[in-house]
Each structure stands twice: as C-alpha cells, then as structure tokens.
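Enquirer: here's my sequence, what's the structure:
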Amino acid sequence: MSVPVAASRPGPAGAPSGARIWLMAARVRTLPAAIAPVLVGTALAGYLGVFHPLRFIAALVGAIFIQVGTNLSNDYSDARRGADAEDRLGPVRVTAGGLVPPKRVLVATYMSFGVAVLAGVYLVAVAGWQLLLVGGASILAGVLYTGGPRPYGYEGLGELFVFLFFGIVAVAGSFFVQVKHLQWEAFALAVPVGLLAAGILVVNNVRDVDTDRRAGKRTLAVRLGRARAREMFAVIVYLAYLLTPVTWLFGPLSGWLLLPWLTLPLAAAIVRTVRNHTDGPSLNEALARTGMLQLAFCMLLAAGLLLSR
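Expert: Below you'll find the predicted structure:
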C-alpha cells in the first residue's frame, strides 16, 4: 500500500543512474506519511510521561521500511499488470520504465521488508507479541494493495486501507510500543492523521483517473468520477481539522491540540487546486503539498500533545 507523492520524471537527456534510480523506486518523498503517525503516537505517550528512545527509533525504522517495501512491491506489481502506462501523469516507475529489471525490484522489496521485520522483532521483544500481528498485517496490506490475485487497490479500497494503516494502526501501534497498553485517545487522534493520509491517495487517483480507467484499475476516483472525488477530497481534509480537538473537548488534553489549525490556509489552497485543475503538473504539485500538509499537521499535533502536559 503506497501513499504516493509526486516526483520528477527523468529528463530527455538520458535515464538517471545509480542511487537516483533507487531513490525514485523507493519514492522517498512518500516517507513523511510513514513518519508522521509515529510522531503522534509517540507524543501521546510523552504526554503521559513515557518515552523510550530505542523503541521510537525502531518504530520509525519499521514504518519507513514497510513503506519503502510497499512502494517497491507496487512498482513491480503495477508494471506486471500494465497499470503504469507511458501516458500516466505521475512520476516514472522504474519497473515499467525499464530502469531496473523486475527481479531486482523484487529482491529490493524483500530486503526492505526484511529490515522492517528486524525492527519488529526488537519491538515484539520489548513491547509485546501483539506487535507481531500489527507488523505482519501491515506488510501483507502493503503487498496486496496492487499484488495478489485480487488487489484491493484496484477495487476502490485503497483509501480505506490507507486510513486504517497510516492512521489507526500506525498511531495506536506507536503509542502501544511506548506504554504497552491502548487508550481511546490514541484512536481518536489517529482519525485525523489517517484522513489526511487517505487524502494523499485521493489526489493521486484523481490525477490518474483516465489512465487507471483504461488499465481496469477501479480506484475510488474511477468509481465516483473526477468531480465527486474532488469533493470527497475537500470533505476528508476539512473533517481532519474538525475532529482534531475531540480529545480536548471530551478528554483530558488541552487546547494546544488546535495547533494543527495553523496549517488551514495551506489546506484550503490545496483543496482549491484539486478542485480547479486537471493537468498533471498542477495535480503533481498538489500531491506533494498534501504530503507536506500531513507532515506539518502531525508535527504540530505532536507538539500540542507535549505542550498539554
């Protein structure tokens, strides 16, 4: 399962080489979507006076490499299914673009998930066996997004799974890693985080509606149509802001949780871009800015949690 963020295509002077190819394959600009929920879950534990630095680092490493492995797996699977055609408006994919042989992409996928598993083994040892289920489910969801006999990303379920795994699972799991139990506040805070993560995928799929439809990839944007998908994006983004203060209004946290509202002007500008543009460059920019929005939102949310102590 990948939360895509725009990147540049290689120029006509020639294909990129070496490290740049692998950075393109790993889609490093998607990584804030993996990092952001870990910050929020850890900050909630910090609000309770608990912080284990090594567990935090292991959770970050695990989240990042699950994301990288997922991106590589999606690159491989989409190429095999013919979903990454030359006329797509998004960044070039290394398998479909012939930049890396499929077998090498597959090996890199296994290696990335292997690093995530090693981080997970440490977390299971120090925080509990429950994390084995969380890590296994996250890797499986990443692979089955575009892989397997019935990829759920092709059936309009991508946004739901992104919401669950980049929101609920990631925030609650990062909190559990620190304190070894769960509280309702972790789930409440995970909702706006997951909504913004899902919003990134909505922009990606709005951009790719035409090519996805031709490839038989029935994303939610294909099913709804571009106009309704744009409205859904606006609802998702603004709902994230409305739900942010729930743990202040109905729980023990303070008004510092409104700090993420400082990013509302950025959110409004992105919503306008998605509503008013259909060209690739504008939507690629909106995609990148939505990723930045989620990271900024989560950093401010984490700061608000720590300031609530």
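Enquirer: switch to C-alpha atoms for all contacts and neighbour counts from now on
Expert: Fine.
Enquirer: what are the buried residues along stretch 170-190?
Expert: Residues of stretch 170-190 classed as buried under the neighbour-count rule (16 or more other CA atoms under 10 Å) are 170-179, 185-190.
Enquirer: which ones are touching Tyr241?
Expert: For Tyr241, the contacting residues are Pro192, Pro260, Trp261, by CA atoms under 8 Å, 6 or more residues apart in numbering.
Enquirer: tell me the spacing between it and Leu293.
Expert: Using CA to CA, to the nearest Å, Tyr241 is found at 12 Å from Leu293.
Enquirer: do the same with Ala227
Expert: In terms of CA to CA, Ala227 sits 22 Å off from Leu293.
Enquirer: between those two, tell me which one has more neighbours.
Expert: The neighbour comparison of Ala227 against Leu293 (other CA atoms under 10 Å) goes to Leu293, with 24 against 12.
Enquirer: ok, now how distant is that one from Leu118?
Expert: From Leu293 to Leu118 the distance is 30 Å (CA to CA).
Enquirer: related to what we said a few turns ago, okay, and which of the buried residues of stretch 170-190 map to strands?
Expert: Taking DSSP state E, every one of the buried residues of stretch 170-190 sits outside strands.
Enquirer: what about Leu131, neighbour count?
Expert: Using other CA under 10 Å, Leu131 is surrounded by 20 other residues.
Enquirer: so who does it touch?
Expert: By CA under 8 Å, 6+ apart, Leu131 lies in contact with Gly120, Leu123, Val124, Gly173, Val177.
Enquirer: give the buried residues for the helix or strand containing it.
Expert: Using DSSP states H and E, Leu131 falls within helix 130-144. Neighbour-count burial for helix 130-144 flags Leu131, Leu132, Val134, Gly135, Ser138, Ile139, Ala141, Gly142, Val143, Leu144 (criterion: 16+ other CA under 10 Å).
Enquirer: what's the burial count for Trp248?
Expert: 16.
Enquirer: same check on the one 4 residues further on?
Expert: Residue crowding around Pro252 was assessed by other CA under 10 Å; the count is 10.
Enquirer: how near is it to Tyr47?
Expert: Distance from Pro252 to Tyr47, by CA to CA: 11 Å.
Enquirer: what's the answer for Ile35, then?
Expert: Separation of Ile35 from Tyr47 (CA to CA) stands at 19 Å.
Enquirer: equivalent analysis for Gly173, please.
Expert: Counting by CA to CA, the separation of Gly173 from Tyr47 is 16 Å.
Enquirer: great, nothing more from me.
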